[in-house]
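Enquirer: everything below, folded, please.
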Amino acid sequence: MNIKPLADYVLIEPIKEEEKTQSGILLPQTLEKEKPEQGKIIAVGSGKKGKDGRIIPLEVKVGQKVLFTKYGPNEIKVDDKKYLIAKEEDILAIIE
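Expert: A predicted model of the protein is given here:
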């Protein structure tokens, strides 16, 4: 299935990271934290419509690794794989 986000929405594949302490102890997944998450941009919409009616292109591009707010995106499931759909404003930074 092919998904094309509309307007200023982006499709993100979440990246799960194992959390470790400095001494190398793995922290369990049950530890909920109020921190931003990371993911890879899979698809982007055409852009947000400005006040003058022109389309303003998104700053993020397919393939970029990004940091986004934990509760901003909506989770969807496609072909047994979880993705997130978020507005560009929910993306905090591009990881280079």
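Enquirer: for residue 89, which three-state class applies?
Expert: Three-state assignment for residue 89 (DSSP: H, G, I helix; E, B strand; the rest coil): helix.
Enquirer: work out for me the element the residue nearest the centre of the chain sits within.
Expert: The centre of the chain sits closest to residue 12, judged by C-alpha atoms, centre = their mean, with a distance of 4.1 Å. Assessed by DSSP states H and E, residue 12 sits inside strand 9-14.
Enquirer: other SSEs contacting that strand?
Expert: Secondary-structure packing of strand 9-14 (3 or more C-beta pairs under 8 Å, 6 or more residues apart in numbering; DSSP states H and E): strand 37-44, strand 81-87. (Each C-beta comes from the backbone N, C-alpha and C, glycine too.)
Enquirer: and the shortest one, which residues are buried?
Expert: Neighbour-count burial for strand 81-87, with 16 or more other C-beta atoms under 10 Å as criterion, is recorded at 83, 84, 85, 86, 87.
Enquirer: same question for the first one.
Expert: Residues 37, 38, 39, 41, 42, 43, 44 are the ones in strand 37-44 that count as buried (16+ other C-beta under 10 Å).
Enquirer: output that strand as PDB, nothing but the C-alphas.
Expert: Extracted in PDB, the C-alpha atoms of strand 37-44 (Å, rounded to 0.1, in the frame of the first residue of the first chain):
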ATOM      1  CA  GLU A  37      11.100  10.400  19.800                       C
ATOM      2  CA  GLN A  38      13.100   9.700  16.700                       C
ATOM      3  CA  GLY A  39      12.100   8.500  13.300                       C
ATOM      4  CA  LYS A  40      12.800   8.400   9.600                       C
ATOM      5  CA  ILE A  41      10.700  10.400   7.100                       C
ATOM      6  CA  ILE A  42       9.000   8.000   4.700                       C
ATOM      7  CA  ALA A  43       6.700  10.400   2.800                       C
ATOM      8  CA  VAL A  44       5.800  14.100   2.900                       C
END
